[in-house]
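Chemist: Here is a sequence with its predicted model. Questions after.
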Amino acid sequence: MNDYDALRDYLMRQKQAEFVLTYEQIEEIIGAALPRAANRASWWDSLRSPDIQMPQREACLAAGFKAMRMPDGASVRFTKLKSDRRRPG
């Protein structure tokens, strides 16, 4: 189990097509503090640099969501992908 399996599982249970979670809510879900890198928009961009393994991105995509850091720098918008974009998890 990696640090973001709990986030993947949480996302898989969601019925909404789009919603926002604060960093604090995400930390509560994963049971750990997010790394400093989480403050960078690119860290949350699910569709950027697909050749680089990023566990938070893999968790989101495995659940069928893309993630994007919000302009407030303290929250993330999760948007459901079409089912053909979902990766096995």
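Modeler: Looks like it came in fine. Residues are numbered from 1 along each chain as shown.
Chemist: Show residues contacting the helix or strand bottoming out on mean pLDDT in the chain.
Modeler: In the chain, no helix or strand scores lower on mean pLDDT, DSSP states H and E than helix 41-44, which sits at a mean of 80. Residues outside helix 41-44 that contact it (CB atoms under 8 Å, 6 or more residues apart in numbering): Ala37, Ala38, Arg48, Ser49, Met54, Gln56, Arg57, Ala67, Met68, Arg69, Val76. To be clear about C-beta, it is placed using only N, CA and C from the backbone, and glycine gets the same treatment.
Chemist: For the third one, which three-state class applies?
Modeler: Spelled out, it's Arg48. coil (DSSP: H, G, I helix; E, B strand; the rest coil).
Chemist: Around it, how many other residues sit close by?
Modeler: Using other CB atoms under 10 Å, Arg48 has 13 neighbouring residues.
Chemist: Distance of the closest residue to Ser83 other than its chain neighbours relative to Lys15?
Modeler: In this structure, Ser83 finds its nearest non-sequential neighbour in Gly64, 6.7 Å apart by CB to CB, 6 or more residues apart in numbering. Plainly put, Gly64 is 12 Å away from Lys15 if you go by CB to CB, to the nearest Å.
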